[in-house]
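Visitor: Next input, structure requested:
(chains A and B)
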Amino acid sequence: MGDQNIFAAVLDKVRAANEALIADGVLPVGIDQSRIVVEPPRESAHGDMATNAAMVLAKGAGSKPRVLAEAIAAKLRRDDVVAKAEVAGPGFINLTLRPAAWINALRAILAAGKNYGRGDVGGGAAVNVEYVSANPTGPMHVGHCRGAVFGDALANLLAFAGFNVTREYYINDAGAQVDALARSAFLRYREALGEHIDVIPEGLYPGDYLKPVGAALTAEYGAALRDKPETEWLPVVRNRAVDMMMAEIRNDLQALNVVHDVFFSERSLIEGTRDQVGETIAALRRAGYVYEGRLPPPKGAPVEDWEDREQTLFRATDFGDDVDRPLMKSDGSYTYFASDIAYHKNKVDRGFRSMIDVWGADHGGYIKRVQAAVSAVRAITQAGNADLDIKIVQLVKLLRGGEPVKMSKRAGEFVTLREVVDEVGKDPVRFMMLYRKNDAVLDFDLAKVIEQSRDNPVFYVQYGHARAQSVFRNAREAVPDLPSDDAARAAMLAAAPLDRLEDAGELALMRRLALYPRLIEAAAVAHEPHRIAFYLYDLASDFHTQWNRGKDASYLRFIIQNDPQMTMARLALVQGLVTVLASGLGLLGVEAPDEMR
RNA sequence: GCGCUCGUAGCUCAGCUGGAUAGAGCACCAGACUUCGAAUCUGGGGGUCGGGGGUUCGAAUCCCUCCGAGCGCGCCA
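Guide: Numbering: from 1, shown residues only, chains lettered A, B, ... in the order given. You can find the predicted model right below:
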C-alpha cells in the first residue's frame, strides 16, 4: 500500500524530480537511482525527512553533490506538500512537509483501520518459518520461550508484510534420543504395572512427566508389552511417548499463543512411502557431492572412542563448511544431518524458495553445514533462488529481583515454559522476549516484568493503549454519539477538522504514526520483529508525553469540554494511535487492553 | 587450536542494512507535584562506539588485525 507509506510517496517525488532533471539534461539518461533513500533525520531540527539523492547521483552525473542537491531541491519545492527543501551538510536535502501531509497520513490510518501498515513487499511469496522444534523428550523449558515467541512474531510480521507464511515445527522423532525416551517410558510402564523401579539408569530421562505415559500404556495394553522383546515394544512405546509429549508441547505453546500450521515428522522422511533421506543422498551422490572417505580426528576436546573409518560424507567444504560431514552412522542409520538435508529439500520441493530456521544459540556451530546443504539442494533441484536464513536466538537469563533463578540440569530441575507463563502471564513473556535483538543475550526478570511502572516497557506500552481507550470513554460527555465500535468511530472521526491539530506534540505523534508502514516493511525484510517492540515503546512515549503536557496546559488536553470540534480532531489522533498500538501489539502477540487493573 | 555471535553512557540496551552534532530507560544531580489527566512530571551532567589499520564524499555499521566475553567443534538431536 504505497499510499499509506508517506516515505515511499516522497521517494517517488524525488525520483520524479530526477526524471525532470534528466529531461533537462542535468542528469544522464539511465542513471542508477536504486540507492536513493528517503528517511527520517536523526535530528528533528533537520526537518521531517531527508534524502541522500544528490550524494548518490553526484558521481554518475559528474557534478558536485551540493550543486546537484540544489537542482533537485528546486524541483521538489514546486510540490504542494513540500514546505521547505534545504541543502545541508555534504549534500543532504532536508524536507519539511506542510502539516497537511501529516494530516493526510492520519486520514489514511483512519481509513485503513486494522489494515494500516499492511504491506506488499512479500508479493505473496511462500515463506517457511520453522521454529521451536524442541525435542519431544520432555516438556519445554524456559529456554524454548524465546525461539517460540521470536518465530511466531516473525511469522506474524511477514504475513502482515505480504508474504504467504507457513509456520512449521520439525519433530525430532527419529534417532537415539527418542529411543531413550521410549526406554524411559517403558520403565514407567512397568512401574505402573506395580513393579518397583529403583533408579532411572544414566542416559535415560528421569523426570516424573513420563509417569502418565506409563499409565496410558497400562490402560491400553495391560501387561501385554512387558514380556515382549524390545524390538517389538519399542516402536509402540516410542510412538505413544512422542505423541503424548507433543500434545503437552502444543498445549504449552498454546498458553503462549503460539500455533503452528505444520508439524513435520523427521521419521516420516524415512518411513513414509519413500525413503526421502536415501533418495536425497543418492541424488547428491549423482551430482558428485557425496563420497566415501575418511575424516581427520576432531579438534578441541579429545573424543574417547574416536575410530578412523571410511564413511559416507557430504562435500560440505565445497560450499564453505570447515569439514565434510558424515551422513551415515556406524550402525548403518542416517545421521541427523542427513535427515536435515532431506528435510530442507522437502521444503524446497513443497515450493518454498524462502526458508527461515529459528535456532537456539547452542546450535550456532551447525549453521555452515546446513547452509552448505541448502546450497547443494539448490544445485540438484534447479531451485536456484532458494534461500535459507538462519536466525539464532541467544540465551535467556532467568532472574527474580536481580538474582539468578537456580536451575540444576543434572538433577533434572529446570524451569518449564509453563511455569513462567503461569507466573507472569503471556504478555510480559512475549513482549520482553522481543524487546531485544535476537542475537543478544537477554535478562528476563520475573519480578520486574510485572511491575506497573514506567521502567517496565510491557506495562508502559499496554498502559498507553488503555489510557487512549479511557479518552474515548471520557469523551462521551463532549461527544455523546461517539461509537464504541472501532471502525464506526474511525469513520466518524475522519470527518473531524483535522487541520486544527497543529501543536508540536500532536505533529510529533502524527509523524511517528506515519512511520509505521515503513517500519513494518524494513522489519519484515530484515527478519527483525524486535523493531516493532521498540517502535511501540517510542510511540507510547510520545503519547504519554503529550498527555502530561495536558496536565500543565489544559488547552492541550484531548477532551475540550466547550469545543467539540477540537475534541473530535484530537480523538481522531487518539484513534490513529490506538489503531497502530493495537496493530503492533497484535503482531507481537500481546494483548492491547482497554483498561489496566 | 578453529568457527560463529557479541563488545555503544556507571548499568540494561536501541541505532532503521553506509549518512549530518551517536539515542532511550535505569542510576545520578536540580527543580515540580501530594495527585484519578492515577499507576509521577520537567530539565541537566555523563561517550577515545573494545584497541589499531583500511575502503569513500561520509563508518558504531563494510574489510583486515589484535584484545575481551558467550556458544559450538566425530557417527547427539
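Visitor: Give me the most central residue, chain A.
Guide: Central residue of chain A (Cα atoms, centre = their mean): A:Leu154, 2.1 Å from the mean position.
Visitor: Determine how far the helix or strand containing it lies from the middle of the whole chain.
Guide: In the assignment (DSSP states H and E), A:Leu154 maps to helix A:143-160. Relative to the chain's own centre, helix A:143-160 is displaced by 4 Å; criterion: Cα atoms, centre = their mean, to the nearest Å.
Visitor: swap in stretch A:464-478?
Guide: Distance, centroid of stretch A:464-478 to centroid of chain: 31 Å (Cα atoms, centre = their mean).
Visitor: tell me the domain ranges of chain A?
Guide: Listed by automatic domain parsing, the domain ranges of chain A are A:6-97, A:180-255, A:457-588.
Visitor: Residues contacting whichever helix or strand comes after the helix holding A:Leu154, please?
Guide: Downstream of helix A:143-160, the first helix or strand assigned by DSSP H and E is strand A:164-171. With Cβ atoms under 8 Å, 6 or more residues apart in numbering as the test, strand A:164-171 has contacts from A:122, A:124-133, A:136, A:151-152, A:155, A:158-159, A:242, A:246, A:259-267, A:343, A:352. Placement of C-beta: from N, CA and C, glycine included.
Visitor: Out of the residues you listed, list just those in helices.
Guide: A:151-152, A:155, A:158-159, A:242, A:246, A:267, A:343 (DSSP state H).
Visitor: Pick the one among the residues you listed closest to RNA strand B.
Guide: A:Arg267 (9.6 Å; Cβ to the nearest atom of the strand).
Visitor: sorry, back to before: ranking the domains of chain A by burial, who's on top?
Guide: Among these, the stretch with the highest mean neighbour count (mean count of other Cβ atoms under 10 Å) is domain A:457-588, at a mean of 19.
Visitor: correct me, but A:Val374 touches A:Ala386?
Guide: Yes. Using Cβ atoms under 8 Å, A:Val374 is in contact with A:Ala386, at 6.6 Å.
Visitor: Find the residues that touch each one of those two.
Guide: With Cβ under 8 Å, 6+ apart, A:Val374 and A:Ala386 have common neighbours A:Met355.
Visitor: Compare the two (neighbour count), which wins?
Guide: A:Val374 (24 against 19; other Cβ atoms under 10 Å).
Visitor: Please identify the helix or strand for that one.
Guide: helix A:367-381.
Visitor: same for that helix, what does it pack against?
Guide: When contacts are defined as 3 or more Cβ pairs under 8 Å, 6 or more residues apart in numbering; DSSP states H and E, helix A:367-381 packs onto helix A:276-286, strand A:311-314, helix A:336-349, strand A:354-360, strand A:387-393.
Visitor: what does the model give A:Lys409 for pLDDT?
Guide: On the pLDDT scale, A:Lys409 is placed at 52.
Visitor: What of the one 4 residues further on?
Guide: According to the model's per-residue confidence, A:Glu413 sits at a pLDDT of 59.
Visitor: same deal with A:Arg400?
Guide: Reading off the model, A:Arg400 has pLDDT 89.
Visitor: burial of it, as a residue count?
Guide: 14.
Visitor: now it, which residues is it bridged with?
Guide: Under DSSP bridges, the beta-bridge partners of A:Arg400 are A:Glu403.
Visitor: check contacts around it.
Guide: Here A:Arg400 is in contact with A:445-447 (criterion: Cβ under 8 Å, 6+ apart).
Visitor: what number of residues lie near the nearest residue to A:Ala487 once chain neighbours are set aside?
Guide: Distances taken as Cβ to Cβ, 6 or more residues apart in numbering put A:Gly113 closest to A:Ala487, at 5.6 Å, once the chain neighbours are dropped. When neighbours are counted by other Cβ under 10 Å, A:Gly113 registers 15.
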